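Q: build me a model from this:
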Amino acid sequence: MRTTSRVVLATAVSVVAAAALALPESPKPAPELARLDYFVGRWHSTGTMKPGPWGTGGPMSGDDDCQKMPGGFFVVCRSEGSGPMGPLHGLGVMGYDAAKKLYTWNGFNSLGENESAAGRVAGKVWTYTGEHSTGGSSFQTRYIITEGAAGSYDFKAETSQDGKAWSPVMEGHVTKRSDGNP
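A: Below is the predicted model of the structure:
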């Protein structure tokens, strides 16, 4: 019996070892994901919401804390801010779809919005496009980020009914915080 037990144990160990060697390697982040490192850190934004479907418009400001998710595939941003519609809290996730060769954005906020967009980067300009529905109307969205001096960028958001004529929704400036505050 002892010999049989040893043979069974040796066979089991060999099978497990062979199976482990046959497992595919863990996926590695696409090289394009390194570009998202620009957004990692704590940021402060100021800007202006334009009058429109979201209200009368006015000043807005906020703070974001963006960190790389373990594994390196996503940058997760937690946001707090205020504007013409009152306080706003959000969660945004940036990534890269290697099959489509597009950057991705998925966001959720305290107004009940769930947004997604796909983007490209050319030099220092990021352009994300998506679709949004509110009050029974659907429209296209475009969010443009222009990297500035180290640790800053400008942004503008626009909407369109036809993808040709774009109307401004908001614009502003974002600066990386160096004081360690959120």
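Q: can we go C-alpha only for contacts and neighbour counts from here?
A: Noted.
Q: ok, and what's touching stretch 67-85?
A: Contacts made with stretch 67-85 from outside it, assessed by Cα atoms under 8 Å, 6 or more residues apart in numbering, are listed as 29-30, 33, 36-37, 39-41, 49, 54-66, 87-96.
Q: what residues are up against the spatially most central residue of the chain?
A: Residue closest to the average C-alpha location in the chain (Cα atoms, centre = their mean): Met94, at 2.1 Å. Residues near Met94 by Cα under 8 Å, 6+ apart: Leu36, Phe74, Val75, Val76, Tyr103, Thr104, Trp105, Asn106.
Q: how about JSON lines for those residues, with neighbour count, pLDDT and secondary structure added?
A: Listed next are the contacts of Met94 as JSON lines, based on neighbours: other Cα atoms under 10 Å; pLDDT from 0 to 100; DSSP: H, G, I helix; E, B strand; the rest coil:
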{"residue": "Leu36", "neighbour count": "17", "pLDDT": "97", "secondary structure": "helix"}
{"residue": "Phe74", "neighbour count": "21", "pLDDT": "98", "secondary structure": "coil"}
{"residue": "Val75", "neighbour count": "21", "pLDDT": "98", "secondary structure": "strand"}
{"residue": "Val76", "neighbour count": "22", "pLDDT": "98", "secondary structure": "strand"}
{"residue": "Tyr103", "neighbour count": "22", "pLDDT": "98", "secondary structure": "strand"}
{"residue": "Thr104", "neighbour count": "18", "pLDDT": "98", "secondary structure": "strand"}
{"residue": "Trp105", "neighbour count": "21", "pLDDT": "97", "secondary structure": "strand"}
{"residue": "Asn106", "neighbour count": "15", "pLDDT": "97", "secondary structure": "strand"}
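Q: from those, which is closest to Gly151?
A: Proximity to Gly151 was ranked across the contacts of Met94 by Cα to Cα; first place goes to Leu36, at 13.0 Å.
Q: residues contacting that closest one?
A: Contact criterion Cα under 8 Å, 6+ apart gives Val75, Met94, Gly95 as the residues in contact with Leu36.
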